[in-house]
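In: sequence unknown, structure follows:
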């Protein structure tokens, strides 16, 4: 039955990927689920929705339809951010807007101790529920860092501030950043993403960077990291924050522009380690 | 048994091999997180895509590299070779044992002894130090 399942998977996946994915399906699911899993995967359903999880740093993040699956690029900059902030004069209270599965908030909360409050917020109730599940699911990893983690239903476009806390030193976000016109295969979006992941977590452009930059003074943030997909989104962010702030772009390991980072005082200069290209 | 070998972080160059093409980020949902390590002094390259976790693959790739270097340096005295030698020895012994047991059973049958109830214990190999390394 092995070769036949592999044969089905190789119809839609490159051989090595099919071999890997079949191995993971067999490792993580009981044998009576393999057939159905392979069938769904061959119809482009994301592996993470089939298996129910995605590793993220040292955490295991639960994944479900309706909430964006954490990406490797996000994992990468989160790890980088944590190592920049580790042991340095650090930020108190962190807000993660558009938190989705909660992966960014949970990852920072597990890697850095004494951050104070780490709050993840999302306008999707489904996301908030899943993020709370993920907090419980990774409880052991979060225990030692002595942070208070929570998730709330808030709407970024209405600049809503979480009820549990009003002031945050650091604002992080992975907002929807694929412009509507690019939301197709020729725009570089994978079919599996188009078919199965929530468009509300994907489709967006400059407006989200406007909302995020407007949030900065509202919550009193001294630093921010926003994920992005286009240089223009970074340039817009640079233009929206005061000139006195330091601001730059970070690349991912594939060499693509992936984050825009900013901070307002020297104490936070260690965030410069996140920057690959300073913006004047 | 010698301890698990380690490689210095200063001697390695790490690369994350990206699956899929294009711009990545939200547009692509990758499932693999292959890690490649190059040992700068020797030029040896190893990769791991054993698990879905990049964290785990990084650890596994380091273990594989360390084993390889240890084997190159110490040959028969390396941990990998010693483990293999021991495994082979255990196998040989258990073969001998089961042969002996078989013979004994045959003899017992011949003497029409009723007491042919034997425990499995005798042939069970307990290899408490078995290393599981997934190399892809």
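Out: Sure, I can see it. Predicted model only: the values in this text are computed from it and were never measured.
In: buried residues in stretch B:37-52?
Out: Buried positions in stretch B:37-52, judged by neighbour count with 16 or more other CB atoms under 10 Å in any protein chain shown: B:37-39, B:44, B:46-52. Yep, even glycine has a C-beta here, placed from its N, CA and C like the rest.
In: and residue A:213, what element?
Out: Secondary structure assignment for residue A:213, by DSSP states H and E: helix A:206-219.
In: can you name the next helix or strand after that helix?
Out: On the C-terminal side of helix A:206-219, the nearest following helix or strand under DSSP H and E is strand A:223-227.
In: report the angle between that next one and helix A:206-219.
Out: For strand A:223-227 and helix A:206-219, the angle between their directions (axes from the mean of the first three to the mean of the last three CA atoms, to 10 degrees) works out to 160 degrees.
In: quickly run through the sheet partners of strand A:223-227, with directions.
Out: Take DSSP bridges as the rule and strand A:223-227 pairs in its sheet with strand A:170-173 (parallel), strand A:257-263 (antiparallel).
In: returning to what we had before: need the residues that contact the helix holding residue A:213.
Out: Applying CB atoms under 8 Å, 6 or more residues apart in numbering or on different chains, the contact partners of helix A:206-219 are A:95, A:97-98, A:156-157, A:159, A:161, A:166-168, A:171, A:173, A:175-177, A:221, A:224, A:226, A:228, A:232-233, A:236-237, A:240-241, A:260.
In: show me what from the stretch 101-250 of chain A comes close to chain B.
Out: A:174, A:176-178, A:187-190, A:192-193, A:197, A:201-202, A:227, A:229 (CB under 8 Å from any CB of the partner chain).
In: go again with 10 Å.
Out: A:174-178, A:182-183, A:185, A:187-190, A:192-194, A:196-197, A:201-204, A:227-230 (CB under 10 Å from any CB of the partner chain).
In: list the beta-bridge partners for residue A:97.
Out: Taking DSSP bridges, one finds residue A:121, residue A:173 as the beta-bridge partners of residue A:97.
In: nearest residue to the closest residue to chain B within the stretch 1-150 of chain A in space, please, no chain neighbours.
Out: The stretch 1-150 of chain A approaches chain B most closely through residue A:55 (3.4 Å), counting by CB to the nearest CB. Distances taken as CB to CB, 6 or more residues apart in numbering or on different chains place residue B:53 nearest to residue A:55, at 3.4 Å, with adjacent residues excluded.
In: and residue A:152, helix, strand or coil?
Out: When the structure is reduced to helix, strand and coil (DSSP: H, G, I helix; E, B strand; the rest coil), residue A:152 reads as strand.
In: next one: residue A:167
Out: Residue A:167 - assigned by three-state DSSP - is coil.
In: relative to chain B, how far out is it?
Out: In this view, residue A:167 and chain B are 29 Å apart by CB to the nearest CB, to the nearest Å.
In: quick check: residue A:92 touching residue A:114?
Out: Yes - using CB atoms under 10 Å, residue A:92 is in contact with residue A:114, at 8.3 Å.
In: who has more neighbours, those two?
Out: Per other CB atoms under 10 Å in any protein chain shown, whichever of residue A:92 and residue A:114 has more neighbours is residue A:92, with 13 against 9.
In: what about the more buried one, distance to residue A:149?
Out: Residue A:92 sits 14 Å away from residue A:149 when distances are taken as CB to CB, to the nearest Å.
In: do the same with residue A:159
Out: Shown here: residue A:159 relative to residue A:149, a distance of 22 Å by CB to CB.
In: neighbour count winner among the two?
Out: Between residue A:159 and residue A:149, counted using other CB under 10 Å, the more crowded position is residue A:149 (25 against 13).
In: what secondary structure does that one sit in?
Out: On the three-state scheme (three-state DSSP), residue A:149 is labelled strand.
In: what bridges to it?
Out: Under the criterion DSSP bridges, residue A:149 forms beta bridges with residue A:118.
In: tell me where the model's unsure across chain A.
Out: By pLDDT under 70, the low-scoring segments of chain A are A:1-2, A:89.
In: packing partners for the host helix or strand of residue B:109?
Out: Residue B:109 is part of helix B:79-110, with elements assigned from DSSP H and E. The helices and strands touching helix B:79-110, judged by 3 or more CB pairs under 10 Å, 6 or more residues apart in numbering or on different chains; DSSP states H and E, are helix B:54-74.
In: how about the helix it packs on: buried residues?
Out: Applying 16+ other CB under 10 Å to helix B:54-74 flags B:54-57, B:60-71 as buried.
In: and it with helix B:79-110, angle?
Out: Calculated by the same axes, to 10 degrees, helix B:54-74 forms an angle of 90 degrees with helix B:79-110.
In: which strands and helices lie in contact with helix B:54-74?
Out: Under the contact criterion of 3+ CB pairs under 10 Å, 6+ apart, the helices and strands touching helix B:54-74 comprise strand A:53-56, helix A:72-85, strand B:12-17, strand B:34-39, strand B:45-48, helix B:79-110.
In: just how off-centre is the fifth one within its chain?
Out: Its chain's C-alpha centre lies 15 Å from the corresponding centre of strand B:45-48 when counted by CA atoms, centre = their mean, to the nearest Å.
In: what residues are up against residue A:94?
Out: For residue A:94, the set of contacting residues under the criterion of CB atoms under 10 Å, 6 or more residues apart in numbering or on different chains consists of A:85, A:104-105, A:108-109, A:112, A:115-120, A:147, A:149, A:165, A:168-172, A:221, A:223.
In: which of the helices or strands spans residue A:13?
Out: Element membership for residue A:13 (DSSP H and E) is empty, with no helix or strand holding it.
In: in contact with the nearest residue to residue A:79 once chain neighbours are set aside, which residues?
Out: The spatially closest residue to residue A:79, leaving aside those adjacent along the chain, is residue A:57, at 5.9 Å (CB to CB, 6+ apart). Counting by CB under 10 Å, 6+ apart, residue A:57 touches A:70, A:75-76, A:78-79, A:82, A:103, A:106-108, A:110-111, A:141, B:53-55.
In: let me know the secondary structure of the nearest residue to residue A:201 once chain neighbours are set aside.
Out: Excluding its sequence neighbours, the residue lying closest to residue A:201 (CB to CB, 6+ apart) is residue A:68, at 3.9 Å. Of the three states, residue A:68 takes coil according to three-state DSSP.
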